[in-house]
Every structure is written in C-alpha cells, then in structure tokens.
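> What would the 3D arrangement of this be:
(2 chains)
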Amino acid sequence: MTTFADLGLSPKVLNAVEAAGYTIPTPIQAGAIPHALQRKDVLGIAQTGTGKTASFVLPMLTLLEQGRARARMPRTLILEPTRELAAQVEENFVKYGKNHRLNVALLIGGVSFDDQLRKLERGADVLIATPGRLLDHFERGKLLLSAVDILVIDEADRMLDMGFIPDIERICKLIPFTRQTLFFSATMPPEITKLTEQFLHSPARVEVAKAATTAKTVEQKLVKSGKKDWEKRAVLRDLIRAEDEGLKNAIIFCNRKKDVSELFRSLVKHEFDAGALHGDMDQRARTTMLANFKDGKLKILVASDVAARGLDIPDVSHVFNFDVPIHSEDYVHRIGRTGRAGRSGKAFTLVTPADVKHLSSIEKLIGEDISWLDGDLSTLPVSTEPEEAPRRGRRKAEPKRRPRNEGRERERPQSEIDILAAADKAKDAEEAPVVAEVAVAPRNADKPHRAAIKADNEQRRGKPSQAEPRRDHRRERDDLGSAPVGFGDEIPAFMLIDTKI
DNA sequence: AAAAAAT
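Alright, predicted model coming up:
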C-alpha cells in the first residue's frame, strides 16, 4: 500500500504529516502529489472531504524549500472562493509547514488591509486569496504577480457558480506562462473544461469519487412541516430535542441569510446553544462562530450555503435542512458535512407542501427516495404552537404601541425578529415569561450569543460592530426595548388578529 | 425563491 513516504515529499514535510498522525494518503493525494512534485500541471477532480487541500499543500511545501520570496512578489498563489476556505488552507500551511520558515499571507475581504500589506511587503512564499481582495491589492500596486511559480485554483466549479470566472481569467493572465498550475474542481461543466484548456498545459488528470453521491453512513430523513416560518421553527425545535441523545453538534442550513439570522435568534431565545454563519455577518463574528463550532464550544451552527461546501468540520453528528435547497447539488454538499471519514451521521430535511418540486429533483439526483420520519411528527414531543402566528398581528400592532418609533422596523428588521422570538418563548407555558428571562439571563451563560446578536444587529444597521464602551447600555435597549415587556405569558388578543385570509 | 465576493 502507498504511504506518504512513497510520494517523494521532503523529510520536513513527511515529519509534519507524521506528527499530524497520517500515514496513508487519500486517493487524490496519492494521485496528485507525485505529479505536482514533478512540476506538472494537475487537473484534480475531487469533492471536498477527499483530502484535496493536502494534495496541493504538501507538494507546494516541498517545492518551496528552495529559494525565497521578494517583497511584493509572492512565489505561489492559491485562489479560493470563500474567506473561510482560504483561512482553512492557511491553517493547513501552518500545520504541515511547522518545520519550514515560510511567510504565508492571507488576502481576504472583510478584514483590515494593514496586516496583509505588511505580509506582502515582507515577501510572501504563499499567498492565499479570494479573488476580490487580491485584485484590490493588485490595483493598488501593492502586489506583483510576475514571480508566481505555482498557481492553485481550488473549487473552480464553485467559483463559476459565484461568477468569479472573469476574475480568475484576469488573474491567470497576470501570472507568467511558465508557472505550474494545480486546478481543482468537484465537477467539470463545459465552462470549466474551457478554462482548463485555456490555462493548463498537458495536465495530469486525477479523478476520484463521483459527484452527487451521498455517503452511505448518513441516515437521511424527511420531516413534514407547515410552511410558515414559526411552524418550521417549532418542528425543528421538537426535532432537535428528540435527537438530543446522539446529537453532538449540528449544522442547520437555511436558504436565505435573513432566515439564518431569524432562526439563530429564535434558537438562542429558546436556550439552544446556537451560533450563526452567513456572508453578511461581520468577518470577526464569522471567524469566531466557526472557530467556536469547530472547538465544540458551540453545539449548533445555523448557516447559509457559505458553510455547505469545503469547510472541514470534523465529526458533525447532525445536519438539519431548515429549507429544502433550491439547487439539488447543494443538498449533497450540505449533508456531506456529516458522516465524514466513515463516521455515522444523520441528516433531516424539513419539507413543506411547497417544497415537493425541489425534493423530487434531489431524489432524482441522488438516485433514491428519502424516507419520511415515521410519516409524521407523531413520535416527537407535541408542539404546542397556537393556530395563528403572532407575527402579522404583532407587526401591525407595534407602531400603535410605540408611535415614537415609527419607521424603526425598516431600519432595524431585528426588532421584529426579537419580538417574534420573544413571543415564541412567551407562548411556551413551561418557560418563564420573557421579562424574567431578559432580566436574569443576559449577564450569565449566553453572553457570547448576545454579543454576537448585537454584532449582527449593528452590522445590519451599517455600524461597525465594536461599540464596546456602550455595551451595557445597548444591551438593555436591544433586549428590553423590543420585547413585549409586561405581557408575560399572555398575548393580548388584538395582537393575534390575522389580517390575511 | 439564494448565496458567495471588493468597498
């Protein structure tokens, strides 16, 4: 059997790989590394979770042992579609490059230029970037790409989905013709094939695993739900509670960023150990949320599809699809977050009557019918939600209660969400009324969540999320100002009037 | 019906 020692990697690299506890390369690593070390172009067709990242990081480290970088002239460039993926690649360079003294620079948006400029100035051996920020630096003249010797394009098909291809083409043209290119994509749509023909020179083609297959170790279930958001939230809460025993950690996927925020707030209000991750969040919040989730400090991560692909979060026990994904491939990527490395995992998808069309295209794609959870929710704890959703009545009622805050909701959609989540909570007869909860809880256990909510709120209001000095004052306003203070468990009838239908 | 990425 092939081991890492057979692939031609340098002793320094092998030592770091051993220290990380690996001896046997994955198929993509075994296939790609020898070619990369021979300075050949590589076309790697591989899903995430196949060890793809190490298949370019390890040979790059070996090749970089000779020579050194000059100021503003990076020696290698790795392009990634999302900031989290770029950061993850950087972590790999730290992990496997522990015996090297290489300068690694991460150029991503959402963070300050200063650090990045300093690293460029110092001379980067490895530059890891998302396209936008890279071009920004380039246009400011802080960066020359004429010394790039190895170019890696990762997740090319996803870059295509995200409309990055023109940027990629532009960047490729700025890098010398004589470079070595390592190109990775999970699928090969025509546009990507065209790109490889344009920018790769007689590449070694390494292909592993097929697209659109779901791991056999993932138990998939469909769960019926009403189509209103509050109904879905109730079903989800019941489901999480029912699964509690085997639930180590979970990612909950929503289709929209707005719903990520809403669901996150609602779960926190219901005292679930939850965090959120989507692309409109402050970069610092994104980083902390992901780090905390990876470290096990956070049990539940509510996320948009920014987290669907590529992120290496080992050992996620559950994936919940709060929404059925619109594009069926996303389903495969989402549930691929669990059941990794032969471990078992569970994937639940909430399905409303409106979702049947998308559901059938998913089942067609994966080539099997997903079974329903016992036909309905009868085996789960009974949901005690009332017939009417309080949302519409409440939204109408609010200006009457607070005439001075007219227009406030438009600026601050969060206030509405807070009310909604608080109302959800107030309805739950077992739990303390909202007033008591906000009065007692904030300074204690869920402080980080409140801080995160606040950061997200401020982000949405277009303010910088670092108002540390005003913190206590703001917390009280955010928490108490928008909650239905004084109503306790009872919701006045006028607030429950359903105006539609 | 969306999300992602430069500000």
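> near DNA strand B, which residues of chain A show up?
Applying Cβ under 7 Å from any atom of the strand, one finds that chain A approaches DNA strand B through A:81-84, A:108-110, A:129-136, A:139, A:161-164, A:255-259, A:278-280, A:304-306, A:326-327, A:330, A:354-355, A:357-358. For the C-beta atoms, the positions are set from N, CA and C on the backbone; glycine is no exception.
> Buried members of those into ChimeraX, please.
Buried members of the residues of chain A next to DNA strand B can be picked out in ChimeraX with the line below, counting by 16 or more other Cβ atoms under 10 Å:
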select /A:81,82,83,84,108,129,130,131,133,134,135,136,161,164,255,257,259,278,304,305,306,330,355,358
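> how about the strands in chain A?
Chain-ordered strands for chain A, with DSSP state E as the definition, fall at A:42-45, A:76-79, A:104-107, A:126-129, A:150-153, A:180-185, A:204-207, A:218-224, A:250-253, A:274-277, A:300-303, A:318-321, A:345-351, A:371-372.
> Quick one: those strands as CSV, columns for mean pLDDT too.
Compiled in CSV, these are given as follows (pLDDT from 0 to 100):
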stretch, mean pLDDT
strand A:42-45, 96
strand A:76-79, 97
strand A:104-107, 96
strand A:126-129, 97
strand A:150-153, 97
strand A:180-185, 96
strand A:204-207, 95
strand A:218-224, 91
strand A:250-253, 96
strand A:274-277, 95
strand A:300-303, 95
strand A:318-321, 95
strand A:345-351, 93
strand A:371-372, 89
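> what's around the residue lying closest to A:Ala156 once chain neighbours are set aside, how many residues?
Computed as Cβ to Cβ, 6 or more residues apart in numbering, the closest residue to A:Ala156 that is not its neighbour in sequence is A:Ser185, at 3.9 Å. Other residues within reach of A:Ser185, judged by other Cβ atoms under 10 Å, total 24.
> hey, what's A:Ser185 bridged with?
The residues listed as beta-bridge partners of A:Ser185 by DSSP bridges are A:Ile45.
> Correct me if wrong: it contacts A:Thr48.
No: the pair A:Ser185 and A:Thr48 does not pass the contact test of Cβ atoms under 8 Å, sitting 11.0 Å apart.
> Next one, pLDDT for A:Arg395 please.
Predicted confidence (pLDDT) for A:Arg395: 37.
> how near is the residue of the stretch 1-150 of chain A found nearest DNA strand B to A:Pro166?
Distances from the stretch 1-150 of chain A to DNA strand B, computed as Cβ to the nearest atom of the strand, single out A:Gly132 as the nearest residue at 2.1 Å. When distance is defined by Cβ to Cβ, to the nearest Å, A:Gly132 is 12 Å away from A:Pro166.
> ok, now A:Val306?
With distances taken as Cβ to Cβ, A:Val306 is found 21 Å from A:Pro166.
> from the residues of chain A next to DNA strand B, which ones fall inside helices?
Among those, the members falling in helices are A:83-84, A:131-136, A:139, A:161, A:257-259, A:330, A:357-358 (criterion: DSSP state H).
> give the contact list for the residue nearest to A:Ala156.
Taking Cβ atoms under 8 Å, 6 or more residues apart in numbering, we find A:Ser185 in contact with A:43-45, A:155-157, A:192.
> can you do 10 Å?
Remark: with contacts taken as Cβ atoms under 10 Å, 6 or more residues apart in numbering, A:Ser185 is in contact with A:43-47, A:153-160, A:192-193, A:195-196, A:211.
> Give the ChimeraX command for selecting the buried subset of the residues you listed.
Buried members of the contacts of A:Ser185 can be picked out in ChimeraX with the line below, counting by 16+ other Cβ under 10 Å:
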select /A:43,44,45,46,47,153,154,155,156,157,158,159,160,192,195,196
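> now do the same end-to-end measure for stretch A:156-173.
Length of stretch A:156-173, first residue to last, Cα to Cα, to the nearest Å: 16 Å.
> Kindly report the same for stretch A:222-238.
As for stretch A:222-238, its first-to-last residue distance stands at 14 Å under the measure Cα to Cα.
> Quick one: the helices in the stretch 1-150 of chain A, in order.
Across the stretch 1-150 of chain A, reading from the start of the chain, the helices by DSSP state H, counting those that start in this stretch fall at A:11-19, A:27-37, A:52-64, A:83-96, A:113-122, A:131-139.
> Quick one: list the elements packing against the last one.
Contact partners of helix A:131-139 among helices and strands, from 3 or more Cβ pairs under 10 Å, 6 or more residues apart in numbering; DSSP states H and E: strand A:76-79, helix A:83-96, strand A:104-107, helix A:113-122, strand A:126-129, helix A:165-174.
> rerun that using 8 Å as the cut-off
For helix A:131-139, the helices and strands in contact under the criterion 3 or more Cβ pairs under 8 Å, 6 or more residues apart in numbering; DSSP states H and E are strand A:76-79, strand A:104-107, helix A:113-122, helix A:165-174.
> Over to the first one?
If contacts are counted by 3+ Cβ pairs under 8 Å, 6+ apart, helix A:11-19 sits against helix A:52-64, helix A:83-96.
> The third one too?
In this structure, helix A:52-64 packs against helix A:11-19, helix A:27-37, strand A:42-45, strand A:76-79, helix A:83-96, strand A:150-153, strand A:180-185, with contacts taken as 3+ Cβ pairs under 8 Å, 6+ apart.
> Pull out the buried positions in the fifth one.
When burial is assessed from 16+ other Cβ under 10 Å, helix A:83-96 yields the following buried residues: A:83-90, A:92-93, A:96.
> which regions of the stretch 201-350 of chain A lie under the pLDDT threshold?
The model of the stretch 201-350 of chain A has pLDDT under 70 over residues A:209-216, A:314, A:341-342.
> give the contact list for the residue of it found nearest DNA strand B.
Scanning the stretch 201-350 of chain A for the residue nearest DNA strand B gives A:Gly279, at 2.7 Å (criterion: Cβ to the nearest atom of the strand). Taking Cβ under 8 Å, 6+ apart, we find A:Gly279 in contact with A:257, A:304, A:306.
> and which of these is nearest A:Asp244?
The shortest approach to A:Asp244 among these belongs to A:Ser304, at 24.9 Å (Cβ to Cβ).
> Which residue comes closest to that closest one once chain neighbours are left out?
Across the structure, with Cβ to Cβ, 6+ apart as the measure, the residue nearest A:Ser304 apart from its sequence neighbours is A:His278 (4.0 Å).
> and that neighbour, backbone torsions?
In terms of degrees, to the nearest 10, the main-chain angles of A:His278 are phi -150, psi 170.
> hang on, it packs against A:Leu301?
No: in this structure, A:His278 is not within contact of A:Leu301 by Cβ under 8 Å, at 10.5 Å.
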